[in-house]
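Q: Sequence below, structure please.
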Amino acid sequence: MSLIQFGLLFIALTASALAQRAIEAPDCTQDALIVNVLDLHDKPIDNLHKNNFRVKLNRTEIDVEAATYQVKPGRIVVALDLSGSMAGGPGHDKLQVARTAAEAMTSVPAPQVPIALLAFSAKVEKTFGFGQSRSAIVDWLSTIGATPSAAPHGTTALFDAIAAADKMLEPYQEGDAIYAITDGQDDHSVITAKKLEHELQRDRVRLYLFLLSDRIPFEELQAEVRDVAALAANTGGFVFGRSSNNLLSWAGDTHYEFNDRIKQNIEVQTGLLIVQIGGFYRIDIANTGRRGTESRLSLHVVDEKGKQRKDVAVTFPRKILLCGEPQISQ
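A: Presented below is the predicted three-dimensional model:
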């Protein structure tokens, strides 16, 4: 069984018994984290309890009051970068790779995973809401690059596009996510990375990235690419497309080849994304009041003896917005 098939089966078995519920405003006595725990084969671990989680906020351990695993057809907005930098050069298949990543999401049968799409360059160019058909999205994706007028063009307002994708999720539901397919460059946004992070934290929306970027150390990435990669981590998302044994990586002067191996890897990470969107832990932690504006989190999974487990991979928000934290202006 493929990872995509596993993710769909995993969602379908229990989704019918679970109603989506809107996120309630925090009551200033408790915070909630969305956490994914996967084994070494990228399969979800769903039988943990609150004593298996150790959470620290600003290096101080805080109480975990509950850990509940939830399976639901989580919603996702695909934000596809069609700015000029996505065109690549002669012999580069950068656009084909990005389009295939978007198409892979539309191959997931509805209604298990509700999907919307937003395409952008210097502004939002095209949107498909959750109520529109998958076939309409697929038909439109097939036109990208078919003519000069449909080719990637213009500057990049990545942060503005993510903010627009966030608005498409209103009213918000627990588990909502954005999947941005981009090279991470931003040279046109009005909203700042800090303001955008605040909004995603407030709405409890996770950002996932399909990042078409050089395979170089994180600290050597361009500043704007570091910003968007950090944004994904801070909201509890994940960065695909960077150097990894089983996912995509780009080396040298970034020749974005498209072949069967690349297509298979896109399918693998699409399945991994489905698993993380469709099932997750809600970790309730005590809120003892404002604890500083940084609100930095660390989280570990431990065994029954309290020893940190090395056989799991965990995604969680590295920062959270606490009750009483000030609003951030543009």
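Q: My guess is residue 46 contacts residue 279. True?
A: Yes - using Cβ atoms under 8 Å, residue 46 makes contact with residue 279 at a distance of 6.5 Å. Where C-beta positions appear, they are placed from N, C-alpha and C, glycine not excepted.
Q: what touches both of the two?
A: Taking Cβ atoms under 8 Å, 6 or more residues apart in numbering as the criterion, residue 46 and residue 279 both touch 69, 71.
Q: With only the CA atoms kept, save the helix or strand harbouring residue 297 in PDB.
A: Using DSSP states H and E, residue 297 maps to strand 297-301. What follows is strand 297-301, C-alpha atoms only, in PDB (Å, rounded to 0.1, in the frame of the first residue of the first chain):
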ATOM      1  CA  LEU A 297       8.500  25.900  22.500                       C
ATOM      2  CA  SER A 298      10.400  22.600  22.600                       C
ATOM      3  CA  LEU A 299       8.600  19.300  22.600                       C
ATOM      4  CA  HIS A 300       9.900  15.700  23.000                       C
ATOM      5  CA  VAL A 301       8.200  12.300  22.900                       C
END
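Q: So which elements touch it?
A: Applying 3 or more Cβ pairs under 8 Å, 6 or more residues apart in numbering; DSSP states H and E, we find strand 297-301 packed against strand 30-38, strand 53-57, strand 313-315.
Q: mind listing what's buried in the shortest one?
A: This points to strand 313-315. By neighbour count on 16 or more other Cβ atoms under 10 Å, the buried set for strand 313-315 is residue 315.
Q: Note down every partner strand of that strand and its orientation.
A: strand 30-38 (antiparallel) (DSSP bridges).
Q: Tell me the buried residues in the strand it pairs with?
A: So strand 30-38, judged by 16+ other Cβ under 10 Å, has buried residues 31, 32, 33, 34, 35, 36, 37, 38.
Q: The second one bridge partners, please.
A: So that's residue 32. Beta-bridge partners of residue 32, as defined by DSSP bridges: residue 284.
Q: residues contacting it?
A: Contacts of residue 32 by Cβ under 8 Å, 6+ apart are 26, 204, 282, 283, 284, 285.
Q: about what we covered before: of the helices and strands packed on strand 297-301, which is nearest residue 76?
A: The closest of those to residue 76 is strand 30-38. By Cβ to Cβ, the value is 13.5 Å.
Q: Please report the distance of residue 161 from residue 79.
A: With distances taken as Cβ to Cβ, to the nearest Å, residue 161 is found 5 Å from residue 79.
Q: Closest one of the contacts of residue 32 to residue 317?
A: Nearest to residue 317 among these is residue 204, at 8.5 Å by Cβ to Cβ.
Q: Let me see the contact set for the closest one.
A: For residue 204, the contact set (Cβ under 8 Å, 6+ apart) comprises 23, 32, 34, 172, 174, 176.
Q: Now do the strands in the protein.
A: With strands called from DSSP state E, the chain shows them at 30-38, 53-57, 60-62, 64-71, 76-81, 115-120, 124-128, 177-182, 206-211, 239-240, 279-286, 297-301, 313-315.
Q: Could you export the longest helix along the chain as CSV, CA atoms only?
A: Secondary structure assigned by DSSP state H gives helix 260-278 as the longest helix of the chain. Presented in CSV, the C-alpha positions along helix 260-278 are these (Å, rounded to 0.1, in the frame of the first residue of the first chain):
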residue,chain,number,x,y,z
ASP,A,260,10.2,9.4,-13.0
ARG,A,261,12.2,9.6,-9.8
ILE,A,262,11.2,13.2,-9.2
LYS,A,263,7.5,12.3,-9.9
GLN,A,264,7.7,9.4,-7.5
ASN,A,265,9.3,11.6,-4.8
ILE,A,266,6.5,14.1,-5.2
GLU,A,267,4.0,11.4,-4.7
VAL,A,268,5.8,10.3,-1.5
GLN,A,269,5.9,13.7,0.0
THR,A,270,2.3,14.3,-1.0
GLY,A,271,1.3,11.2,0.9
LEU,A,272,3.3,12.4,3.9
LEU,A,273,1.6,15.7,3.8
ILE,A,274,-1.8,14.0,3.7
VAL,A,275,-0.9,11.9,6.8
GLN,A,276,0.1,15.0,8.7
ILE,A,277,-3.0,17.0,7.7
GLY,A,278,-5.5,14.1,8.2
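Q: Can you tell me how far the nearest residue to residue 77 once chain neighbours are set aside is from residue 206?
A: Residue nearest to residue 77 in three dimensions, not counting chain neighbours: residue 165, with 4.2 Å by Cβ to Cβ, 6 or more residues apart in numbering. Residue 165 sits 12 Å away from residue 206, going by Cβ to Cβ.
Q: Quick check: neighbours shared by residue 161 and residue 79?
A: Contacts common to residue 161 and residue 79, judged by Cβ under 8 Å, 6+ apart, are 118, 120, 180.
Q: Relative to residue 195, which of the residues you listed is nearest.
A: residue 180 (16.6 Å).
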